[in-house]
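Visitor: return a 3D structure for these sequence lines:
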Amino acid sequence: MNKRILISTGGSGGHVVPGVIFYEHLKNSFDTRICSDQRGTQFLNKKKYDVEIINTPRLSKNLFLIPFQIILILLLVIKSFFFLKRKKIDILISTGGYMSLPLCIASKFLNIKIFLFEPNMVLGRANKFFLNFCEKIFCYSDKIKNFPNKFSNKIIIIKTLLRKEFYLTKPSENIDNKINLLIIGGSQGAKLFDTAINESVIKLSKKYTLKIFQQTNSNNYENLNNFYLKNNIENKLFDFNEDISDFMSKSNICITRAGASTLAELTFLNLAYIAIPLPTAKDNHQFENATFYERQGCSWILNQSDLDESNLTNKLINIIENKDKYLEKKNNMKNLRYQNTWNNINQKIISAINEN
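Guide: As a prediction, this is how the structure comes out:
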């Protein structure tokens, strides 16, 4: 009889996208399903996936609300307990975050095997809490900050998880006569990018033939569209749910936040990028993600505190004009993607589950 696997995800695209990738890797070998909170469903194709909703609230720092949240989480643990028992789940795979708390706690009570996933270079707090109870934790590196040495034997290093379409997408273009600049802020959007880089974009448009591909949300679409029309800059605006691999393939330089999935995708498609880590990311994990790739000669980092029109413009022009350094970065990315194939990752994940 096939093992029954539940993938727990939710919150942001950074959790949901890997959850969906795990599902796609496992669906043909196991009886696999997905559970998410309400926030996470906006990143899921509801026609394709039958999603169970367990809506765990964000943990508030408001002391008055904490008792009510504890009661709610306890109720969700009970709901999760009966759900897991009813569905006869054998294995839980958690992509981290507070959304996973009720299901992981209930799984512990039911002696369900727990597998964790940590894509960041800093161990997430939920993952750290459940390390003692999990079978294994899938990671991209064994050099993760805050990872207790006593659990290092639980790490399974895998190549970066990518949606299937990335393996079918041609690598990004090199800088030639035209600058195709991609600007992406992740599933949460980056409102800062909708305003802080405008002057740099105008200066670039006066110096080079420029086209902008920019990820934004419905709230900022009109303002951005008007800005590009006013300055006669060729552009294409898109949201998180559109095919990002296509825009990466058409671009030759990128400005981005430093979510683990985004950096993995950019690196795989050989797209040179400037990472501007979100300074409010928990435990500064975006900075650590960006540093991981910078140390391997794949990218540039610009701290948000240094983000002004002059610094960004100078950095972009330096990258564009310094072709040797630019091509060196792209070559390092090419080396890093070695052996990252769908089949290799598929075999490693399935093997890990069957062995435990």
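Visitor: pLDDT value on residue 57, please?
Guide: Residue 57 carries a pLDDT score of 74 in this model.
Visitor: count residues in the vicinity of it, would you?
Guide: Number of residues near residue 57 (other CB atoms under 10 Å) recorded here: 14. Bear in mind the C-beta positions are built from the backbone N, C-alpha and C, glycine included.
Visitor: quick check: which element contains it?
Guide: Counting by DSSP states H and E, no helix or strand carries residue 57.
Visitor: which stretches of the stretch 1-150 of the chain have low pLDDT?
Guide: Along the stretch 1-150 of the chain, the parts satisfying pLDDT under 70 run over 1, 59-61.
Visitor: that one: strands as residue ranges?
Guide: Here the stretch 1-150 of the chain has its strands, by DSSP state E, counting those that start in this stretch, at 4-8, 31-36, 51-53, 91-94, 113-118, 136-139.
Visitor: redo those strands as CSV? Include distance to residue 75 and mean neighbour count.
Guide: Listed next are these as CSV, based on distance: least, CB to CB, whole Å; neighbours: other CB atoms under 10 Å:
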stretch, distance to residue 75, mean neighbour count
strand 4-8, 17, 24
strand 31-36, 16, 22
strand 51-53, 14, 14
strand 91-94, 19, 26
strand 113-118, 21, 24
strand 136-139, 28, 22
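Visitor: so for residue 124, which of those strands sits nearest?
Guide: strand 113-118 (6.1 Å; CB to CB).
Visitor: now do the closest one and strand 4-8, the angle between them.
Guide: Put simply, strand 113-118 runs at 40 degrees to strand 4-8, going by axes from the mean of the first three to the mean of the last three CA atoms, to 10 degrees.
Visitor: what helices and strands are in contact with strand 113-118?
Guide: Packing partners of strand 113-118 (3 or more CB pairs under 8 Å, 6 or more residues apart in numbering; DSSP states H and E): strand 91-94, helix 101-109, helix 125-130, strand 136-139.
Visitor: I'd like these as JSON lines, with distance to residue 313 appended.
Guide: What follows is these, written out as JSON lines (distance: least, CB to CB, whole Å):
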{"stretch": "strand 91-94", "distance to residue 313": "42"}
{"stretch": "helix 101-109", "distance to residue 313": "44"}
{"stretch": "helix 125-130", "distance to residue 313": "38"}
{"stretch": "strand 136-139", "distance to residue 313": "37"}
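Visitor: hmm, who's touching stretch 321-329?
Guide: Stretch 321-329 has contacts (CB atoms under 8 Å, 6 or more residues apart in numbering) with 174, 175, 272, 297, 298, 299, 300, 319, 320.
Visitor: of these, which belong to strands?
Guide: Those of those mapping onto strands are residue 300, per DSSP state E.
Visitor: one step back: of the helices and strands packed on strand 113-118, which approaches residue 343 most closely?
Guide: Evaluated over those, closeness to residue 343 peaks at strand 136-139, with 16.7 Å, by CB to CB.
Visitor: can you give me the helices in the protein?
Guide: For the chain, the helices defined by DSSP state H occupy 13-26, 66-86, 101-109, 125-130, 164-167, 198-207, 218-230, 244-250, 260-268, 285-295, 309-321, 323-336, 342-355.
Visitor: same list (those) but as TSV, adding mean neighbour count and distance to residue 38.
Guide: Below are the helices of the chain laid out as TSV (neighbours: other CB atoms under 10 Å; distance: least, CB to CB, whole Å):
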stretch	mean neighbour count	distance to residue 38
helix 13-26	23	12
helix 66-86	15	13
helix 101-109	22	14
helix 125-130	18	18
helix 164-167	14	26
helix 198-207	17	34
helix 218-230	13	18
helix 244-250	20	23
helix 260-268	24	21
helix 285-295	21	24
helix 309-321	16	36
helix 323-336	15	36
helix 342-355	14	27
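Visitor: any chance of these in a markdown table with distance to residue 153 as columns?
Guide: Below are the helices of the chain laid out as a markdown table (distance: least, CB to CB, whole Å):
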| stretch | distance to residue 153 |
| --- | --- |
| helix 13-26 | 22 |
| helix 66-86 | 27 |
| helix 101-109 | 20 |
| helix 125-130 | 16 |
| helix 164-167 | 31 |
| helix 198-207 | 47 |
| helix 218-230 | 46 |
| helix 244-250 | 35 |
| helix 260-268 | 23 |
| helix 285-295 | 22 |
| helix 309-321 | 41 |
| helix 323-336 | 25 |
| helix 342-355 | 13 |
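Visitor: residue 32 is nearest to which of those helices?
Guide: Residue 32 sits nearest to helix 13-26 of all those, at 4.6 Å, using CB to CB.
Visitor: are any of the contacts of stretch 321-329 buried, and which?
Guide: Neighbour counting by 16 or more other CB atoms under 10 Å classes 175, 272, 298, 299, 300, 319, 320 among those as buried.
Visitor: returning to that earlier point: mind putting the strands of the stretch 1-150 of the chain in CSV, distance to residue 335 included?
Guide: Formatted as CSV, the strands of the stretch 1-150 of the chain follow (distance: least, CB to CB, whole Å):
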stretch, distance to residue 335
strand 4-8, 31
strand 31-36, 33
strand 51-53, 38
strand 91-94, 30
strand 113-118, 24
strand 136-139, 20
